[in-house]
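Chemist: Below are the sequence and a predicted model for it; my questions follow.
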Amino acid sequence: MFAKVNHLAITSDNYAKNARFYQALFGMKASNTQRPARACPVGDGQIGLNNIPRREGRRSGLDHLGFEVESIKLALERIRAFDADMEYVQRPSHRPNAAFSCHDPDFIIFDLAERDSGKAQDIFAENDWEQPRYINHVTLRSRNPERSAQFYSDVFELKRLNRPSEDNSQFLSDGRVTIVILPWTMENFVGHDPMPPMLDHFGFKVESVEALKHDMDDLIGQNPQMATKPLGYGGEGEARLALFKQCPAGEFHLTDLEGVYIDVSETDLTEV
């Protein structure tokens, strides 16, 4: 495959504790190489979940995603071929796991790293194992899901999945991780605060939803600091949760400690 999703980034004032949450509940592993002043990355065998400190002027939450590609040069050429007005920037040399940052048609930010470049560090160099709980989809919202899907197909050669959808939602896969593209409209935000087109959430495939719920209760019982954000309370909370549940990949819905939406399922979108 020309490309695969290789990381997600979450900005947080409590980035180290948030990383611990993913280790404790989902079995993600920390890197053997630590850089605690800069980030606390954990991995699931393919995706590095980079918990990074929130800097001044930055919002917290799910920040961006990243792709590992066979050729950055070809990926950048394809981006410009898709739309000559699309822009990208080269990252500083001390960010070896992200050589370039770019945006999609909805200005959702993603990083590019080149496979076998020898520059990968920490969890991005170590991610090579299997575990029962792993990230299996990333969901974003787009004003034009069809155009967005065409972009990810043209640039990254992601396979478009033939799934029926009444709202023009689109689905693409790198073989393990599905990119879910849901429509964005202002009508989505009746009854709660509007948000722009953005990364919406990500989700895990788990061996058992009931086991995950049990482990979550046990984790909070052992450590009340691992209690997640409540969902669905009040009229606005109900509206936000209903929007979250539009994604067909989730069977159970929760957040991390920062409030980032996560859903879990026992099946993959590629399996149904």
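Modeler: All right, it came through fine.
Chemist: Can you give me every residue that contacts Phe21?
Modeler: Neighbouring residues of Phe21 by C-beta atoms under 8 Å, 6 or more residues apart in numbering: 226, 228, 256-257. Every C-beta, even on glycine, is put in place using the N, C-alpha and C of the backbone.
Chemist: Sticking with it, tell me its helix or strand.
Modeler: helix 15-26 (DSSP states H and E).
Chemist: Let me see the ranges of the helices in the chain.
Modeler: Secondary structure of the chain (DSSP state H): helices located at 15-26, 72-82, 122-126, 145-156, 209-222, 234-244.
Chemist: Which among the ones you listed is found nearest to Lys4?
Modeler: Lys4 sits nearest to helix 145-156 of all those, at 8.4 Å, using C-beta to C-beta.
Chemist: tell me which strands and helices that closest one is in contact with?
Modeler: helix 72-82, strand 159-160, strand 170-173, strand 178-183 (3 or more C-beta pairs under 8 Å, 6 or more residues apart in numbering; DSSP states H and E).
Chemist: Identify each buried residue in the third one, please.
Modeler: By that I understand strand 170-173. Of the residues in strand 170-173, 170-173 count as buried by neighbour count, 16 or more other C-beta atoms under 10 Å.
Chemist: and Val180, bridged to which residues?
Modeler: Judged by DSSP bridges, the bridge partners of Val180 are Thr139, Phe171.
Chemist: what does the model give it for pLDDT?
Modeler: Here the pLDDT value assigned to Val180 is 97.
Chemist: For it, which residues are in contact?
Modeler: With contacts defined as C-beta under 8 Å, 6+ apart, the neighbours of Val180 are 137-140, 169-171, 247-249, 269.
Chemist: that older thread, got the angle for the helix holding Phe21 vs helix 209-222?
Modeler: If you take axes from the mean of the first three to the mean of the last three C-alpha atoms, to 10 degrees, helix 15-26 sits at 130 degrees to helix 209-222.
Chemist: and helix 15-26, which residues are buried?
Modeler: Applying 16+ other C-beta under 10 Å to helix 15-26 flags 15, 17-22, 24-26 as buried.
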